[in-house]
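**Student:** Quick one, structure for this:
(one chain, ligands or ions: 1)
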Amino acid sequence: MTDVLILSNLTAGYGPVTVLDDLSLTLRAGEVVAVLGANGSGKSTVLKTAMGLTKVRSGSITLAGRDVTRLPAHGRASAGLGYVPQTRNVFADMSVADNLRMGAYLRPRTFEQEVEKVFALFPRLKERRRALAGNLSGGERRMLAIGSTLLLNPSVLLLDEPSSDLAPATVDLVFEAIADVHKRLAIPILLVEQNVTKALTLANRVCVLVRGREALDAPVAEVDTHDLHALFLDGGVRTS
Ligand SMILES: Nc1ncnc2c1ncn2[C@@H]1O[C@H](COP(=O)(O)OP(=O)(O)OP(=O)(O)O)[C@@H](O)[C@H]1O
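**Tutor:** Coordinates of the predicted model:
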């Protein structure tokens, strides 16, 4: 399988704080890799670092064979990284359809077709196309955030905690929608999740972080959930 996104020996963090410590992770074509770990272990920082939103001290990031380590976030988005942050805000005062049209602004000639493609992936959004985004349910809003990112035509999706703050039944709906996107677009996904059970239903491989270091990288079929729990109990970010 082709390597699509390679994070190589990354040490990165925020200002003087180092969070990721010599972390390496590879996402291959067609894969969903779940990044798991205790609170504060650095999961979201992996995605932010891939996207160019943290300070990289050493290591490199390669996307489709191109070194993007020095590119700013918007350059990485143009290069093919589609990032859906945990707290991505949709435009609450605009309709669902207008939110999506905003996402397709780079391709004004074809944007109505592009928006229709997103509606085909998320039928629920089509039903709610005229609703204000601020009036959507949490799950619908999550789908809108993912749909808006897809309009940028990414080659890789970076999803940060799609289950957060959602009721269990809604989490199921959002994960079904993500599975459908993955299947129909064949887009590789780097998925950060607290909900281990859901993450394991979607992922091919898991990477477990302990205090910013990789403690496990294994195919889901080989993962023992007892080992996972033990790693989670090992805790969050380094304090020294
Ligand atoms: N902007 C920031 N400035 C300084 N420190 C930060 C910043 N964002 C995160 N951190 C710290 O980096 C560490 C890792 O945070 P991160 O959000 O990556 O962890 P996480 O594994 O995603 O946690 P959670 O599961 O709770 O979301 C934490 O100690 C956190 O306090």
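
**Student:** is the ligand contacted by stretch 147-158?
**Tutor:** No. If you take Cβ under 6 Å from any ligand atom as the test, stretch 147-158 misses the ligand, and the best it gets is 12.5 Å. (C-beta placed from N, C-alpha, C; glycine too.)

**Student:** Could you number the chain from 40 rather than 1 from now on?
**Tutor:** Got it, first residue is 40 now, which makes that one stretch 186-197.

**Student:** Show residues contacting that stretch.
**Tutor:** 43-44, 66, 86, 89-90, 102-103, 116, 119-123, 129, 138-139, 141-143, 145-146, 150, 153-154, 157, 160-161, 164, 185, 220, 224, 226-229 (Cβ atoms under 8 Å, 6 or more residues apart in numbering).

**Student:** repeat for stretch 117-124
**Tutor:** So stretch 117-124 is contacted by 44, 86, 89-90, 102-103, 105, 107, 110, 112, 116, 184-185, 188-189, 191-199, 201 (Cβ under 8 Å, 6+ apart).

**Student:** how does it look with 6 Å?
**Tutor:** By Cβ atoms under 6 Å, 6 or more residues apart in numbering, the residues outside stretch 117-124 that reach it are 90, 102, 107, 184-185, 188, 191, 193-199.

**Student:** do stretch 257-273 as well
**Tutor:** 77, 239, 242, 244-245, 247, 249, 254.

**Student:** element containing the residue lying closest to Val247 once chain neighbours are set aside?
**Tutor:** Once flanking residues are discounted, Val247 sits nearest to Leu255: 4.1 Å by Cβ to Cβ, 6 or more residues apart in numbering. Assessed by DSSP states H and E, Leu255 sits inside strand 252-258.

**Student:** How far away from the center of its chain is that strand?
**Tutor:** Distance of strand 252-258 from the chain centroid (Cα atoms, centre = their mean, to the nearest Å) equals 18 Å.

**Student:** Near the ligand, which residues of this protein are found?
**Tutor:** 53, 56, 58, 76, 78-84, 233, 276.

**Student:** Give me the buried entries from those residues.
**Tutor:** 58, 76, 79-84, 233, 276 (16 or more other Cβ atoms under 10 Å).

**Student:** In helices, which of these fall?
**Tutor:** 82-84 (DSSP state H).

**Student:** ok, back up a step: and the strand holding Leu255, which residues are buried?
**Tutor:** So strand 252-258, judged by 16+ other Cβ under 10 Å, has buried residues 253-255.

**Student:** again with stretch 111-121
**Tutor:** 115-116, 119-121.

**Student:** Would you map the helices across the chain?
**Tutor:** 82-90, 112-118, 135-142, 150-160, 162-166, 177-189, 207-224, 235-241, 264-272.

**Student:** Reformat those into TSV and put mean pLDDT and distance to Ser97 next to each item.
**Tutor:** Listed next are the helices of the chain as TSV, based on pLDDT from 0 to 100; distance: least, Cβ to Cβ, whole Å:
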stretch	mean pLDDT	distance to Ser97
helix 82-90	97	12
helix 112-118	94	18
helix 135-142	88	34
helix 150-160	89	38
helix 162-166	95	41
helix 177-189	94	29
helix 207-224	94	32
helix 235-241	92	28
helix 264-272	75	25
